[in-house]
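1. Provided below are the primary sequence and the corresponding predicted coordinates.
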Amino acid sequence: MRQVIVYPGEDGYWVVECPTLPGCISQGKTREEAIQNIREAIDAYIAALEEGGLPVPEERFELPTVAV
């Protein structure tokens, strides 16, 4: 299980990032499509790490809210 950040992109697409997997970013025309795409990207990212004998980063992301 991974936490992701979902936000609207400037081009009208939804952007999704997985902060604990650097560079693991996807997008979709809808929020739902973007979330499905990041699931696939996370699976592929972790599979590539495992195939390469590299460690898979642990999930330890925090998302505090800051009032300004």
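-> Nice, thanks for sending it over.
2. Look up how far residue 42 lies from the most centrally placed residue in the chain.
-> In the chain, the centroid-proximal residue (C-alpha atoms, centre = their mean) is residue 18; its distance is 2.5 Å. Using C-beta to C-beta, to the nearest Å, residue 18 is found at 6 Å from residue 42. In this view, the C-beta of every residue, glycine as well, is placed from N, C-alpha and C.
3. what does residue 17 give?
-> Taking C-beta to C-beta, one finds residue 17 at 11 Å from residue 42.
4. what does residue 53 give?
-> On the measure of C-beta to C-beta, residue 53 and residue 42 end up 19 Å apart.
5. Same question for residue 35, what's its three-state structure.
-> Taking DSSP: H, G, I helix; E, B strand; the rest coil as the rule, one finds residue 35 in the helix state.
6. That one contacts residue 2, correct?
-> No - using C-beta atoms under 8 Å, residue 35 is not in contact with residue 2, being 11.3 Å away.
7. Any regions of this structure where pLDDT drops low?
-> Judged against pLDDT under 70, the chain has no low-scoring part.
8. Quick check: which element contains residue 26?
-> Element membership for residue 26, per DSSP states H and E: strand 25-28.
9. packing partners for that strand?
-> Applying 3 or more C-beta pairs under 8 Å, 6 or more residues apart in numbering; DSSP states H and E, one finds that strand 25-28 contacts strand 14-17, helix 31-51.
10. where does it sit relative to the chain's centre, distance-wise?
-> Strand 25-28 sits 8 Å away from the centroid of its parent chain (C-alpha atoms, centre = their mean, to the nearest Å).
11. Direction included, what does it pair against?
-> strand 14-17 (antiparallel) (DSSP bridges).
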